[in-house]
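>>> got a predicted model here, sequence first, then my questions.
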Amino acid sequence: MNSVLIYMLTTLPQQILRHTKSDNENGEGVVSAAIAVVIFSALGVAMWLAFRSTMNTATGMVNSQVAQLGN
């Protein structure tokens, strides 16, 4: 009798968690994909801003060098 009581007390929390845990994971892939899209969008914007800044600097330097050639 004592061992049955110990068994019930040790396995009851596991049984409760097993039955209350939701096994429905529908939509998890959609959420993960949305997070990935947001991250890649932010990276794309950051890369575009860096590229635009680099090109503006390079254009200014080229124009300066071309202007010096004519002098």
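Yes, it's here. Numbering: from 1, shown residues only.
>>> which intervals of the chain have sub-threshold pLDDT?
1-2, 5, 9, 17-23 (pLDDT under 70).
>>> ok, now with 80
Low-confidence segments of the chain (pLDDT under 80): 1-28, 70-71.
>>> so where do the helices sit in it?
Under the criterion DSSP state H, the chain carries helices at the ranges 2-20, 28-69.
>>> how about the ones you listed in CSV, adding mean neighbour count?
(Each C-beta comes from the backbone N, C-alpha and C, glycine too.) As requested, those are arranged in CSV below (neighbours: other Cβ atoms under 10 Å):
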stretch, mean neighbour count
helix 2-20, 9
helix 28-69, 10
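>>> relative to N63, how far out is S32?
According to Cβ to Cβ, to the nearest Å, S32 and N63 sit 46 Å apart.
>>> for V31, that is, sorry about that
Taking Cβ to Cβ, one finds V31 at 48 Å from N63.
>>> next one: S3
In this view, S3 and N63 are 89 Å apart by Cβ to Cβ.
>>> cool, V4 as well?
For V4, the distance to N63 equals 89 Å [Cβ to Cβ].
>>> one more: T11?
Using Cβ to Cβ, T11 is found at 78 Å from N63.
>>> cool, and A33?
The gap separating A33 from N63 is 44 Å, by Cβ to Cβ.
>>> and what of Y7?
Distance, Y7 to N63, by Cβ to Cβ: 84 Å.
>>> what of M47?
Taking Cβ to Cβ as the criterion, M47 is separated from N63 by 24 Å.
>>> could you do W48 as well?
Using Cβ to Cβ, W48 is found at 22 Å from N63.
>>> over to I6?
If you measure I6 against N63 using Cβ to Cβ, the figure is 85 Å.
>>> and M55, by the same measure?
Taking Cβ to Cβ as the measure, M55 and N63 are separated by 12 Å.
>>> if anything else comes up later, I'll come back, but that's it for now.
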